[in-house]
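Asks: need a structure here:
(chains A and B)
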Amino acid sequence: MRHLVWTAVLTALTCCSSYAASAVIESIGSADLIIIGEITGPGTVANGALSFSVSVKRVLKGSAAAPVLGVQFVGGPASRQTAGVPSGVCGVFFLRQGQGQWLVIPRSDPQSPVAGLFYPSDACEAGDPLTGAATTDDIVGLVLHSLYVGVPDDGYVLQVFHSVHSTDSPAVASAAGQLSSSARANLQTLGLAWRIALGDDSALGEVPATIPALKGGPLGGVLVGPIAAYAHVGTAGVKNLGAIATQGAGTPFEYAASMALRALHTTDALPYLQQLLDSANQQVRLNAIAGLSMALLDVPPLIGDPQGVFERALNPAVRKKLSEADGAHVYFAGPDYASREPELIAWWKARAPQMIAAAAGL
Amino acid sequence: MSGPRGGGGVWRPYTEQLQSFGPGTFTLNSRHDAANCYCGMYAPPYANDPYGTASSYLTVQRPTISSSNSPFYLGGALDSGTQSAQSRLTANPNGAPDDSTVEWWPLAGGNLYTLTSVPSNPLSNDYTAVMQASQCGSYGQVAVSFDGFYSDTFWIFNNAPADIQQMWGSPGDTVIVPSPPYNPGWQTWYQYKVLDMCGNPINFIETTESLSGWSWPNGDNWGTFAPGHWTQNSQFDEWGDFVDYLFETNVAGTNRQVWPGGQNALNEDGSSVGAALSQQFYGGSPINGQGLSLGAFWSMTHYLDHGKSIR
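Replies: Model (predicted):
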C-alpha cells in the first residue's frame, strides 16, 4: 500500500543544469541584501516555499529593517523545500526582495535538489570585528573563507570553485596560494587550479605528481579546465604542458594539455605535438595535427581573441602560401577526420621533424 | 577650349573611371604651346612642373572593409552568449569623396549572408550569417564600391558551434566519473567545451542538452519518473559544466526510499546504475533542442548511492 501511495504522489525528476561560472558576482549584483546571519529555528514548508528566520549579524550590502529577518526559499524541487534548515548555523546569505518577502538566492542552481542556501561562515560570534558595508572583494573573500569553516567535502569545494572561478577578484589570487598550502587535499587541488588559471607556470609543473591521485576522482575536473585554457607562451609553461600530456597519457589531463599545446603551437610546443600524434586518444591526435598545422601557417598563438586570431590568420586575403603538399595536409576539424586520419598522421609524422629542425635553425 | 580672354587657358574635365585603371599614383600631364602669328612669337612648349602646367600627384588606394567581429551562425538566433550572427561591416573610402555613390556587393557565397544598410551610416552595412560555411576556412566575399570603384575583396567566415568535447570522463566509457554526491543527492558532473568549425574552443555560448531513451537497469521504486529534459543557459567562459541529478521528489513526513540495489552510503564505489539514457547537445540557443546540433549522441549512465535521506 505504501508503494502505491508513493507511485501515486511522487514525481521524480531528472534535471540537468549548469553553473554560471561567476555565480557569486552575479549574486552580488542581483541581491538587494547580503548579510552574515544565524539561522534561528527549523523552518516551515507551506505553499511550496521554505520559510525560516535569520538573525542578522552583519549587513554586507543593502539595509536590513529588523534584527531578525523572515526569509523564504521559493522554487526548486520540493525535496529542497522539505529539507529544512539547520538551526544555529552561521552563513552568508544573498537575499532579494520579492512577493513581500526576503527571498534566498541560492549559491547554486535553484533547480538542484542540493541547492545550497548560503555559504557557511564563522563570523556570527558576538564581538566579531566585522562592521559596515563590504566590497565585492570582501564578499568573494567570505565565500572563499567558507572553505575553512568546518570540513568541506569535495562537493562543496566544487561548488565554490564554480562560484568564483572566473571572477577577476584579487581575493581569488590571494586565496590560491593559501589553499595550495592547506593540509586538505581537496583544497590543495583547488589552489593549484587557480594558480594555473592565473598563469603560474610553476603550478603547471606540480600537476604531473597529482595525476595518479586525481585521475580516477572528481576533483581532477577542477584542474583540467585551467590546464586546457592555459594561454601563456613562456618556455617553462609549455614544457610543463608537455610533461602533463606525456605523464597524463590516457587521462583527461592528456587531452587538456593537448588543447593548450594546440592553441599555443610555439616552437617549444612542436616536439610535444609531434609526440601526441601517437596518442591513443583520437581527439588528442587531432589536436596535434591542428597545432602543427597552425605552426606551419604561422598562425599566432590563440590568446585573447582565439577566434579572431585564428580567422584573421586563415583569411585567404592574407593567408600564408604553402606548398601544395603542405596545404593538402593542413587540417583542423571536420566530419571527414576519421577517414582521413591515417594518411594525415603518417604525413605529419614525417613533416614534424623537419619543422622542429627548421625552428631550431638546423 | 575655353578660358579667360587676353591670355590663354584650358578647361578640360576628365571622367575616367578609377575602376578601369585600378589603384595607383595618378597625375595629369599636359603639354601646350602657342604662337603669335603677327609677331612671329612662339611661346615655348610647356609641360609639367616646375611651371605649374601639371596637376599634383594623387595616390589612389582601393577602399577597404573592416568588420566589428567574427560572425557565428547560430541556427537562427542572432545572439548567444557573447557570440553573434551579425557583424557590422564598415567601409574605409581611402580618399573617395564623401558624396560618392556607395554600393555594397555580395561577391561570393551570397547564400551565406544578408547585407542590410545602416541608415545612420552609409559607409556601414550589417552582415548577418544565415548559414554556416561549408567547412573550416571557407570564406564568403563582400565588396563595396564608391562611384564604381571597388574595394578590396573582404573575406568573411561564417563560423558555427560544431562540436562538444567532454573533459572529465569520456563519452562512451562504461564507467564514467561521477562527482561526489552533494548532501544529499546524486549527481554526475562533467566539464564540456563547445568547439567551433575549426575545432577551436568557443567562449560564452549558450548550450542545452536533451535527454532521451531512458532505461532503468535496476528498476524504479521512486514512483513516476519524468523522462525528459530541463535546460539552462550555460556560459562556457572557460570549460562549461553540466551537472545532472537524479532524485526523488520527497513528501513531507516521509522518508526517502532506498534505490533498488543501493548500498545506502555516500561512497560512489557502492553505487548502482540508476538510469541510462542518451544525451544530445545543442549550441547557440537557450531553448532546448534549438540552435545547432553539436553532433554528440552520447550514452550516459547515472549512478546512485541513494543512501542518505535529506530527512
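Asks: of all the residues in the stretch 1-150 of chain B, which ones are close to chain A?
Replies: Selection of the stretch 1-150 of chain B residues close to chain A by C-beta under 8 Å from any C-beta of the partner chain yields B:69-70, B:135-137, B:139. Where you see a C-beta, it was placed from the backbone N, CA and C, and this is true even at glycine.
Asks: among those residues, which one has the lowest pLDDT?
Replies: Within the set of the residues of the stretch 1-150 of chain B next to chain A, pLDDT is lowest for B:Gly137 (87).
Asks: what residue ranges in chain B score low on pLDDT?
Replies: B:1-22, B:24-58, B:98, B:168-190, B:221-274, B:296-311 (pLDDT under 70).
Asks: Walk me through the domains of it.
Replies: Following automatic domain parsing, one gets these domains for chain B: B:18-60, B:64-159, B:162-304.
Asks: Mind checking which of the residues of the stretch 1-150 of chain B next to chain A are buried?
Replies: B:70, B:136-137, B:139 (16 or more other C-beta atoms under 10 Å in any protein chain shown).
Asks: dump the residue contacts of A:Thr235.
Replies: A:Asp268 (C-beta atoms under 8 Å, 6 or more residues apart in numbering or on different chains).
Asks: Quick check: it vs B:Leu115, distance?
Replies: In this view, A:Thr235 and B:Leu115 are 46 Å apart by C-beta to C-beta, to the nearest Å.
Asks: Equivalent analysis for A:Ala350, please.
Replies: Taken as C-beta to C-beta, the span from A:Ala350 to B:Leu115 is 45 Å.
Asks: likewise A:Asp154?
Replies: For A:Asp154, the distance to B:Leu115 equals 53 Å [C-beta to C-beta].
Asks: A:Leu190 now?
Replies: 49 Å.
Asks: wait, A:Asp122 sits on A:Val92?
Replies: No. A:Asp122 lies out of contact with A:Val92 (C-beta atoms under 8 Å); the separation is 10.7 Å.
Asks: So between these two, which is more surrounded?
Replies: A direct count of neighbours by other C-beta atoms under 10 Å in any protein chain shown for A:Asp122 and A:Val92 places A:Val92 higher, at 24 against 14.
Asks: would you say the more buried one is within a strand?
Replies: Yes. Counting by DSSP: H, G, I helix; E, B strand; the rest coil, A:Val92 is found in a strand.
Asks: Which other helices and strands does the one helix or strand B:Gln141 maps to contact?
Replies: Per DSSP states H and E, B:Gln141 falls inside strand B:140-146. Packing contacts for strand B:140-146, counted by 3 or more C-beta pairs under 8 Å, 6 or more residues apart in numbering or on different chains; DSSP states H and E, involve strand B:64-67, strand B:86-92, strand B:102-108, strand B:113-117, strand B:154-156.
Asks: The fourth one packs against which elements?
Replies: So that's strand B:113-117. strand B:102-108, strand B:124-129, strand B:140-146.
Asks: So which of these is nearest A:Pro316?
Replies: For A:Pro316, the closest of the helices and strands packed on strand B:113-117 is strand B:140-146, at 8.8 Å, according to C-beta to C-beta.
Asks: contact partners of that closest one?
Replies: Identification of contacts with strand B:140-146 by C-beta under 8 Å, 6+ apart yields B:19, B:63, B:65, B:89, B:91, B:93, B:96-97, B:100-110, B:112-113, B:115, B:125, B:127, B:133, B:150-158.
Asks: Show the buried residues in those.
Replies: For the contacts of strand B:140-146, a burial check counting by 16+ other C-beta under 10 Å picks out B:63, B:65, B:89, B:91, B:93, B:96, B:102, B:104, B:106, B:109, B:112-113, B:125, B:127, B:133, B:150-158.
Asks: OK, contacts around B:Trp155?
Replies: Applying C-beta under 8 Å, 6+ apart to B:Trp155 gives the contacts A:315-317, B:139-141.
Asks: which residue ranges form the helices in chain B?
Replies: B:18-21 (DSSP state H).
Asks: Please enumerate the strands of the stretch 51-200 of chain A.
Replies: A:68-74, A:90-98, A:101-104, A:119-120 (DSSP state E, counting those that start in this stretch).
Asks: you'd agree A:Pro301 is up against A:Thr267?
Replies: No. Using C-beta under 8 Å, A:Pro301 is not in contact with A:Thr267, being 11.0 Å away.
Asks: Between the two, which is the more surrounded one?
Replies: Of the pair A:Pro301 and A:Thr267, A:Pro301 is the one with more neighbours under other C-beta under 10 Å, namely 18 against 15.
Asks: Now do the SS call for the more buried one.
Replies: coil.
Asks: give the contact list for it.
Replies: With contact set as C-beta under 8 Å, 6+ apart, A:Pro301 has these partners: A:231, A:233, A:263-266, A:309.
Asks: near chain B, which of those show up?
Replies: A:Ala263.
Asks: Among the contacts of A:Pro301, which one is most surrounded by other residues?
Replies: Highest neighbour count within the contacts of A:Pro301: A:His265, with 28 neighbours (other C-beta under 10 Å).
Asks: Could you check the pLDDT of that one?
Replies: Here, the pLDDT recorded for A:His265 equals 97.
Asks: For it, what are phi and psi?
Replies: Per-residue torsions, A:His265: phi 40, psi 40 (degrees, to the nearest 10).
Asks: That one and chain B: what is the separation?
Replies: In this view, A:His265 and chain B are 12 Å apart by C-beta to the nearest C-beta, to the nearest Å.
Asks: so what's that residue up against?
Replies: A:273, A:291-292, A:294-295, A:299, A:301 are the contacts of A:His265 under C-beta under 8 Å, 6+ apart.
Asks: who touches the nearest residue to B:Ser151 once chain neighbours are set aside in this structure?
Replies: Spatial nearest neighbour of B:Ser151, chain neighbours left out: B:Pro63 (3.8 Å); criterion: C-beta to C-beta, 6 or more residues apart in numbering or on different chains. Contacts for B:Pro63 (C-beta under 8 Å, 6+ apart) come out as B:91-94, B:96, B:144-146, B:149-152.
Asks: can you check B:Gly291 too?
Replies: Residues near B:Gly291 by C-beta under 8 Å, 6+ apart: B:74-77, B:80, B:161, B:206, B:208, B:282-285.
Asks: State the distance from B:Pro106 to chain A.
Replies: On the measure of C-beta to the nearest C-beta, B:Pro106 and chain A end up 16 Å apart.
Asks: Likewise for B:Glu209?
Replies: Remark: distance between B:Glu209 and chain A (C-beta to the nearest C-beta) = 6 Å.
Asks: Surely that residue is in contact with B:Ser278?
Replies: No. Using C-beta under 8 Å, B:Glu209 is not in contact with B:Ser278; the gap is 10.2 Å.
Asks: Any idea how many residues pack against A:Gly234?
Replies: Look at A:Gly234: counted by other C-beta under 10 Å, it has 13 neighbours.
Asks: now the one 5 residues further on
Replies: For A:Lys239, the count of nearby residues is 17 (other C-beta under 10 Å).
Asks: pLDDT score for the nearest residue to it once chain neighbours are set aside?
Replies: For A:Lys239, ignoring the flanking residues on the chain, the nearest one in space by C-beta to C-beta, 6+ apart is A:Asp268 at 6.3 Å. In this model, A:Asp268 is scored at 96, pLDDT.
Asks: Thanks again, I'm all set now.
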